[in-house]
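S.K.: just to be clear, the model below is a prediction. Sequence and coordinates:
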Amino acid sequence: MLPIQEVLIWSLGLSLLLAVLYRFLTNPREIKLLKEEIKGYRERSNKAQKAGNAEEANKLLSEMMKLTSKQMRSNMKPMIASLVIFFIAIGFLRETYSNFIIQLPFILPLLSYSFPFIILRDSIGWFWWYILITLPATFIFRKLLGVE
């Protein structure tokens, strides 16, 4: 199998694994309800601010912050597990595919460490190939699994 295909399979596999991890370590219904409640508090707080009722707006913002904190706590466990898996996988991929270069049929702007911070390249390494595959794949898998 070609390295381009291997990195593609690793990227898709990791994206699916992390989406499944989020699905089973969080309660999607609870997170969705929290998001809806936060949205409601935000709307009511904005109305109170426009009406000039600062005390009511502050009270609503306080409740909204409590719900936001609860939402963040529920995402913490899968986030930590994902980071551990990600760093192990990235270490393995770096060691295995460090010399892997893909010639692109087009020019791609990439981030650079020096000014002007963007360079134009017609080739990419394993890491950028991983990123190009993982971002849309993770989005699709999360949508299919109903992960918020």
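M.R.: Yep, that arrived.

S.K.: and the contacts of the biggest strand by length in the chain?
M.R.: Across the chain, the strand with the greatest residue count (assigned by DSSP state E) is strand 101-111. Among residues not part of strand 101-111, those counted as contacts by Cβ atoms under 8 Å, 6 or more residues apart in numbering are Ile4, Phe117, Ile118, Ile119, Leu120, Arg121, Asp122, Ser123, Ile124, Gly125, Trp128, Trp129. For glycine as for every other residue, the C-beta is placed from the backbone atoms N, C-alpha and C.

S.K.: contacts only, for the closest residue to Asn46 other than its chain neighbours.
M.R.: The shortest distance from Asn46 to any residue other than its chain neighbours is 7.9 Å, reached at Ala57 (Cβ to Cβ, 6 or more residues apart in numbering). With contact taken as Cβ under 8 Å, 6+ apart, Ala57 is in contact with Ser45, Asn46, Ala48, Gln49.
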